[in-house]
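K.L.:
next comes the sequence, and after it the predicted model I'd like to discuss.
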Amino acid sequence: MVLAAPAHALSPVANPGAADMQASPAIEAAVKSATRDPANITRDAYRHPAQTLSFFKVTPTSTVIEITPGNGWYSEILAPLVRQQGQYVAAVVDPMSVPEGRGRDYQQRSREGLQKKFGAAPAQFDKASEVAYNPAAPVFGKPGSADVVLTFRNVHNWRKSGQAPGMFKGFYEVLKPGGVLGVVEHRAKADVGDDDDTGYVGQQQVIAMAKAAGFTLDASSEINANPRDTKDHPNGVWTLPPSNNHDAADAAKYKAIGESDRMTLRFIKPRS
């Protein structure tokens, strides 16, 4: 196992050690593109997209599946990056697979919002595709069809809903032998219970889930570490930016901390 980009002393950004991780020129160009939403760019200091995607071995020829892209923060980088030679697939929850009510409504709004974003910018997203999956029995595409599967800050939701084992199994099945699963997740101080509602997950717990699905841990990185995150906030990770679920009087305190401390893990599907 290779350890990359150790965290160093504190600075105005979450992890100055990310500068030690080399990013590919193609990814650097995609990150610096003028087509990105300026509001999204402001978060680069905490998410380190160029270094993170390079660590996950994404290339312009990759077939990349991003799990639940949300409002398309990473889609803005990934879809143009692989547009000419690869393929970007947004894997979204099929709203009809969710019981009727607030959960289904949320998934429907999320899906429609992403589709609207893609439709409004064909120069970026005209070759992007979508797969809708049932989180109770997820299928993300033809078996062995993807080079890279990426998930950003989702594992805590799957653990709490009991869906994590099925999700990791789905990742394994859709990846080619030798393919990469890249995981970024809010990192707890230690293991947490299945019913934990802080948004944090133990790093060894994530590794164990991936290994149980058949993956090998290839490398871990501190690209997205934040040593200022004490992980004891009244509303969990949502206390911190960008959610900022805290009293107005504490705004300066949480702004100084920044976004959460995050693990960055690269898993490989064995070739045999």
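P.N.:
Structure received. Residues are numbered from 1 along each chain as shown.
K.L.:
switch to C-alpha atoms for all contacts and neighbour counts from now on
P.N.:
Fine.
K.L.:
correct me, but Pro241 touches Lys255?
P.N.:
Yes - counting by CA atoms under 8 Å, Pro241 sits close enough to Lys255 to count as a contact (6.8 Å).
K.L.:
more neighbours: which of these two?
P.N.:
With neighbours defined as other CA atoms under 10 Å, Pro241 and Lys255 compare such that Pro241 has more, 19 against 13.
K.L.:
tell me who's in contact with that one.
P.N.:
254-255, 258-260 (CA atoms under 8 Å, 6 or more residues apart in numbering).
K.L.:
ok, which stretches of the stretch 151-272 of the chain are helices?
P.N.:
Along the stretch 151-272 of the chain, the stretches classed as helices by DSSP state H, counting those that start in this stretch are 155-161, 164-174, 203-212, 251-257.
K.L.:
any idea how far the last one is from the middle of the chain?
P.N.:
Put plainly, it is helix 251-257. Relative to its parent chain, helix 251-257 has a centroid offset of 23 Å by CA atoms, centre = their mean, to the nearest Å.
K.L.:
what comes up buried for that helix?
P.N.:
Buried residues in helix 251-257, counting neighbours by 16 or more other CA atoms under 10 Å, are found at 254, 256-257.
K.L.:
out of those, who's nearest Ile207?
P.N.:
Out of these, the one with the shortest distance to Ile207 is Ile257. That distance is 26.3 Å, counting by CA to CA.
K.L.:
hang on, the earlier thing: which of the helices of the stretch 151-272 of the chain sits closest to Leu78?
P.N.:
When the helices of the stretch 151-272 of the chain are ranked by distance to Leu78, counting by CA to CA, first place goes to helix 164-174 at 18.2 Å.
K.L.:
what's the angle from the closest one to helix 203-212?
P.N.:
With axes from the mean of the first three to the mean of the last three CA atoms, to 10 degrees as the criterion, the two stretches helix 164-174 and helix 203-212 enclose an angle of 50 degrees.
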